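**Q** Pasting the sequence and the predicted coordinates here, then a few questions.
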Amino acid sequence: MPDATPTLPGDSAGEFPARVTSSSDIVAGKSVLTDEAMGWLAYLDRKITFDGTWFKDDNVHPSWDNYTGAPIGVYHRYDLSYATYSLGLMSENTPAWREEYGKVLGYMAERFLEYWAMWDWIENSGPDPNRANYPAEAAVLFPPGYMGKYDIPGWAGNGIEPYQYDPDPVRGNGACNLMYKGYLNLVVSFFNYITGDPKYDADFKVQYDNETAYTYSHRSLNELIANQLRANISGLGCEVMKVYPWCNNLTGMAQRLFDVMHGTNLTSSYEGWKRYYRENMLVGGYGTEPVEKHALYWDPAIEDGKGYLMNGDEHQFAYNWWANAYHLAGLDRDLGHRVFLGAKKKFIDYSKDGSAWSIGLPGLEGDYQYATICATSAAQEYGDTELFEALNLHVQNNYEPTWDAPRGEFFFHLGLGEDWPRGQLNDWLLPAYTSTRPGQFGDMFMNPNTEKFHLPTLEGVDFPTLRVRQATSDDTAFYGAFTSVDRDKLGEPTSYKITKLAPGQRYTVDVSGTVKEEIASATGEITVNAKIGTHTTVVRRIS
């Protein structure tokens with residue numbers, strides 16, 4: 001097992017050797033990865049080496065978070081899923097360099113098809129045998145009068161009436177287990193959108209064990225979800241039969257990326273559910289004012305088939321508001337902004353020093369960490385700079401921002417005293433420090449960049465020895481900037497390729513002011529020879 005990453009004091013940020021220190025370190029006017037993004041990517045690159053497969057007899061490495069958000073979020077698949085947000089944002093800032101994001105996302109997609117991502121749907125069948133032992137404080141998670149005779153959120157309940165037991169975690173009884181299939185779709189859709197690799201367009205197996213496996217493709221997965229949404233207009237359940245806006249909105253994001261890459265319109269099935277959500281799960285879902293109430297979940301099967309909506313004052317969980325606002329940024333920005341404004345009105349508290357945090361429920365006091373984390377990313381996405389700066393002050397002072405200079409990694413230890421950065425919490429917080437402008441996350445879904453697949457592309461980088469700060473291109477040129485945190489290798493030779501150039505055409509290759517001419521190969525490639533360390537590279541076609 002690798003050694004745990006050391007916690008360095010917050011003021012060690014100045015030691016981080018990959019920072020831009022001169023305007024000559026970058027190509028002016030081109031998008032740049034933030035220092036935090038570069039450090040988080042380096043950590044994720046290391047994290048995917050801690051274990052291999054996630055089959056039934058494997059032990060998942062403790063860096064993969066299956067304990068945040070109890071009782072709902074205590075599954076490894078959520079760490080796999082939420083990590084896609086910052087990777088997507090990074091790819092928007094370096095659209096000409098995508099291979100590392102594909103490496104990490106490819107690992108995540110493969111783990112999603114294995115036991116530890118899906119086991120609960122198959123094994124947690126029927127009523128929870130622990131129903132009588134739920135703690136009293138969990139009562140807020142139950143419809144009134146149902147505690148002790150109803151399963152707590154997080155228990156799959158596969159086979160509870162009115163549904164029969166269905167071992168297929170994707171089919172999920174035709175209306176349930178969105179907590180697996182929607183999230184699987186998200187990871188695979190991000191992989192496809194970022195890399196352009198159609199790997200999952202072919203059949204793949206969702207494998208519980210050697211005897212139990214189910215075959216799907218990216219297309220059949222999306223068609224199944226769309227058909228199920230159309231047959232269940234009030235939404236798909238995660239557990240049987242709890243319908244969460246959080247998961248249905250996340251699934252809409254995954255559908256939209258699939259449509260972008262496949263020329264389909266399956267997201268229309270989500271739009272049908274969104275109308276139901278707006279009209280039934282929100283108070284103030286229409287109009288221009290901030291949303292007033294937001295349901296935690298809806299169970300259409302109880303109360304003699306009338307259903308019950310968890311939308312009372314006691315159900316206004318702050319992190320649910322903030323996360324839904326973030327998910328809606330790429331689906332219905334106006335509605336998402338009004339959810340964001342409603343959350344800001346209900347949950348933000350300020351300190352005398354100007355810092356801010358989010359409480360967990362109306363009437364509570366003090367920082368509720370998961371809510372504050374989601375609020376920070378939402379404030380960045382919706383361009384509320386004043387709120388972001390107040391939240392950021394609290395985050396910097398209390399959440400242990402850690403710059404691991406020797407490894408060139410960055411993450412938050414969050415004051416938890418744990419060996420490994422808490423996965424789901426970092427996954428939700430890092431987008432705030434990876435995004436470089438308001439609206440960038442939503443634009444991946446509303447204004448996707450598919451031109452990148454046809455423009456000059458950077459490949460073959462010796463990562464993480466050589467780090468990419470910039471990688472953008474246009475019809476005639478590639479623009480890149482590089483650095484390293486490996487002091488022992490500074491000055492050593494390295495090389496990388498620029499691909500998708502015009503075959504046989506002449507180009508200037510400018511490496512930090514040293515210019516020479518090259519001719520692109522018959523396959524449209526030029527190999528750039530450089531040295532490990534800070535430098536820029538511009539490869540421009542000679543007209």
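**A** The structure has been received and is ready for your questions.

**Q** Buried ones in stretch 435-447, by neighbour count?
**A** Ser435, Thr436, Pro438, Gly439, Gln440, Phe441, Gly442, Asp443, Met444, Phe445 (16 or more other C-beta atoms under 10 Å). From N, CA and C alone the C-beta is placed, and that goes for glycine too.

**Q** just stretch 157-168 next, same as before
**A** Gly157, Asn158, Gly159, Ile160, Tyr163, Asp166, Asp168.

**Q** if we can go back for a sec, nearest to Glu223 among the buried residues of stretch 435-447?
**A** Closest approach to Glu223 among the buried residues of stretch 435-447 (C-beta to C-beta): Phe445, at 19.5 Å.

**Q** That closest one in helix, strand or coil?
**A** Classification of Phe445 using DSSP: H, G, I helix; E, B strand; the rest coil returns helix.

**Q** same question, Pro162
**A** On the basis of three-state DSSP, Pro162 is classed as coil.

**Q** Break the protein down into its domains, please.
**A** Domain segmentation of the chain under automatic domain parsing yields 10-451, 455-541.

**Q** Poorly predicted segments of the stretch 301-450 of the chain, please.
**A** Along the stretch 301-450 of the chain, the model assigns pLDDT under 70 to no residue.

**Q** Helices of that one, start to end?
**A** Ranges of helices in the stretch 301-450 of the chain, per DSSP state H, counting those that start in this stretch, are 318-328, 333-347, 369-381, 385-398, 423-434, 440-446.

**Q** A strand includes Lys516, no?
**A** Yes - counting by three-state DSSP, Lys516 falls inside a strand.

**Q** Let me see the contact set for it.
**A** Thr508, Val509 (C-beta atoms under 8 Å, 6 or more residues apart in numbering).

**Q** same thing but 7 Å
**A** Applying C-beta atoms under 7 Å, 6 or more residues apart in numbering to Lys516 gives the contacts Val509.

**Q** Pro290 too?
**A** The contact partners of Pro290, taken as C-beta under 7 Å, 6+ apart, are Gly284, Arg338, Leu341, Gly342, Lys345.

**Q** Ok, Leu296 next?
**A** Met310, His315, Phe317, Asn320.

**Q** Make CSV from those residues and add neighbour count to it.
**A** Supplementary listing: these in CSV, determined by neighbours: other C-beta atoms under 10 Å:
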residue, neighbour count
Met310, 24
His315, 18
Phe317, 22
Asn320, 23
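
**Q** Now, those that are in strands?
**A** Cross-referencing the contacts of Leu296 against strands under DSSP state E gives no overlap.

**Q** So Arg422 sits against Leu416, correct?
**A** Yes - contact criterion C-beta atoms under 7 Å: Arg422 and Leu416 qualify, at 5.8 Å.

**Q** Tell me how many other residues surround Ile348.
**A** Per other C-beta atoms under 10 Å, the neighbour tally for Ile348 reads 19.

**Q** right, and it touches Asp367 too?
**A** No - counting by C-beta under 7 Å, Ile348 does not reach Asp367; the two are 10.9 Å apart.

**Q** residues in contact with the residue nearest to Asn227 when sequence neighbours are not counted?
**A** Once flanking residues are discounted, Asn227 sits nearest to Ser269: 7.6 Å by C-beta to C-beta, 6 or more residues apart in numbering. By C-beta under 7 Å, 6+ apart, Ser269 lies in contact with Ala226, Leu229, Arg230.

**Q** ok, so of these, who is nearest Pro401?
**A** Leu229 (39.8 Å).

**Q** can you count the residues close to the closest one?
**A** Residues contacting Leu229 under the criterion other C-beta under 10 Å number 26.

**Q** cool, and Glu525?
**A** Burial measure for Glu525: 18 neighbouring residues, criterion other C-beta under 10 Å.

**Q** ok, now how distant is it from Leu458?
**A** 11 Å (C-beta to C-beta, to the nearest Å).

**Q** which neighbours do the two share?
**A** Counting by C-beta under 7 Å, 6+ apart, the shared contacts of Glu525 and Leu458 are Ile498.

**Q** Please render the contacts of Pro290 as JSON lines that adds distance to Ala502 to the earlier fields.
**A** Listed next are the contacts of Pro290 as JSON lines, based on distance: C-beta to C-beta, whole Å:
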{"residue": "Gly284", "distance to Ala502": "54"}
{"residue": "Arg338", "distance to Ala502": "48"}
{"residue": "Leu341", "distance to Ala502": "49"}
{"residue": "Gly342", "distance to Ala502": "52"}
{"residue": "Lys345", "distance to Ala502": "55"}
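
**Q** Any of those buried? List them.
**A** Buried members of the contacts of Pro290, scored by 16+ other C-beta under 10 Å, are Gly284, Arg338, Leu341, Gly342.

**Q** farthest-separated two in the residues you listed?
**A** The span of these, defined through C-beta to C-beta, is set by Gly284 and Leu341 at 10.2 Å.

**Q** related to what we said a few turns ago, which of the domains of the chain is buried the deepest?
**A** domain 10-451 (a mean of 20; mean count of other C-beta atoms under 10 Å).

**Q** circling back to that earlier point, nearest to Gly52, out of the buried residues of stretch 435-447: which one, please.
**A** Proximity to Gly52 was ranked across these by C-beta to C-beta; first place goes to Met444, at 29.8 Å.

**Q** for the nearest residue to the closest one once chain neighbours are set aside, helix, strand, or coil?
**A** Of all residues not flanking Met444 in the chain, Gly88 sits nearest, at 5.4 Å (C-beta to C-beta, 6+ apart). In three-state terms, and counting by three-state DSSP, Gly88 is helix.

**Q** Test my guess that Gly88 contacts Asp443.
**A** No - Gly88 is beyond contact range of Asp443, at 10.3 Å (criterion: C-beta under 7 Å).

**Q** still on that earlier bit, could you save the helices of the stretch 301-450 of the chain as CSV and add columns showing distance to Leu490?
**A** Formatted as CSV, these follow (distance: least, C-beta to C-beta, whole Å):
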stretch, distance to Leu490
helix 318-328, 39
helix 333-347, 44
helix 369-381, 34
helix 385-398, 30
helix 423-434, 26
helix 440-446, 32
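
**Q** circling back: which ones among the contacts of Ser269 lie within helices?
**A** Residues of the contacts of Ser269 located in helices (DSSP state H): Ala226, Leu229, Arg230.

**Q** Mind putting these into a markdown table with pLDDT and distance to Phe16?
**A** Formatted as a markdown table, the ones in helices among the contacts of Ser269 follow (pLDDT from 0 to 100; distance: C-beta to C-beta, whole Å):
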| residue | pLDDT | distance to Phe16 |
| --- | --- | --- |
| Ala226 | 98 | 45 |
| Leu229 | 98 | 45 |
| Arg230 | 98 | 50 |
